[in-house]
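Sequence and predicted structure, then a few things I'm wondering about:
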Amino acid sequence: MKWLLELLFPQKCILCRRVLRGGETDLCRKCRAEQELWGTPKRKPQFLDSITAVWYYEGNVRRAVLRYKFYRARYLAAGFGRNLAMRLQQRDWEYDILTWVPVSRLRRLTRGYDQVELLAKAVGKELGVAPVPTLKKIRHNRRQSGIHSEAERKANVLGAYRVLSPGEIRGKRILLLDDVLTTGATSGECARMLLTAGAKEVHCAVIAARR
């Protein structure tokens, strides 16, 4: 039965969608060889102790993330999670809680899933860590992708999140996951709320970040 499923639904590269050949996992050989890995950030967003990403948010990576977020390609969570987990293992960060940036209730209903929660579960599976919800989005704001000014992006997410259980994060080092980091407004606001509630540190890891 497995061979039939593989024949009917062959595994594809999570970035370019080419059919994977023998020995390939998640990425085809071309993407694995040519896709530039994320390097050092030009600047660290406010309230975050450190950030990391797998790739730059451009080209095939950008298209893949958009499919994942807006076109119900939730199956990409596993591959993204494996690659982000490998990046985190390379960084060897110390943290007490693995969590994620949540979407609003309305966005979850219309989309059918919270893409970052799925990512957190996939990363947690690879790392052997159960992700914990620490934040709730209490305001359904405009999509950040439609706002280009950094100041407007910060204003758009200000007060949009609430910490669920402050006592559980007090003094803890938090690893916050998101799908994309551009200006850092969203992850920075989440970090601000976590730090205000007593978290010791907040580190952020994403699939892709702006160059």
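Sure thing, it's come through.

for the record, mean pLDDT for the helix ranked longest in the chain?
Ranked by residue count, the top helix of the chain under DSSP state H comes out as helix 76-91. Across helix 76-91, pLDDT averages out at 97.

buried ones in that helix?
76-85, 87-88 (16 or more other CB atoms under 10 Å). Any C-beta I mention is one placed from the backbone N, CA and C, and that applies to glycine too.

Could you look up the next helix or strand downstream of that helix?
Next along the chain after helix 76-91, taking DSSP states H and E as the criterion, comes strand 97-100.

roughly how far is that next one from the heart of the chain?
11 Å (CA atoms, centre = their mean, to the nearest Å).

tell me the mean pLDDT for it?
Per-residue pLDDT values across strand 97-100 average out to 98.

And the average pLDDT for the helix or strand following that strand is what?
Using DSSP H and E, the helix or strand that directly follows strand 97-100 along the chain is helix 105-111. The predicted model assigns helix 105-111 a mean pLDDT of 92.

cool, and stretch 115-124?
Averaging pLDDT residue by residue across stretch 115-124 gives 98.

which residues are contacting that stretch?
The list of residues contacting stretch 115-124 from outside it, by CB atoms under 8 Å, 6 or more residues apart in numbering, reads 68-69, 74, 77-78, 80-82, 84-85, 88, 98-103, 129-131, 133, 177-179, 205, 207.

I'd assumed Gly128 was in contact with Ala85.
No. Contact criterion CB atoms under 8 Å: Ala85 and Gly128 do not qualify, at 9.7 Å.

Any idea how far apart the tips of stretch 14-27 sit?
The first and last residues of stretch 14-27 sit 6 Å apart, counting by CA to CA, to the nearest Å.

Give the buried residues for that stretch.
By neighbour count, and taking 16+ other CB under 10 Å as the criterion, the buried residues in stretch 14-27 are 14-16, 20, 24, 26-27.

Including secondary structure, could these go into JSON lines?
Shown next, in JSON lines, are the buried residues of stretch 14-27 (DSSP: H, G, I helix; E, B strand; the rest coil):
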{"residue": "Ile14", "secondary structure": "coil"}
{"residue": "Leu15", "secondary structure": "coil"}
{"residue": "Cys16", "secondary structure": "coil"}
{"residue": "Leu20", "secondary structure": "coil"}
{"residue": "Glu24", "secondary structure": "coil"}
{"residue": "Asp26", "secondary structure": "coil"}
{"residue": "Leu27", "secondary structure": "coil"}
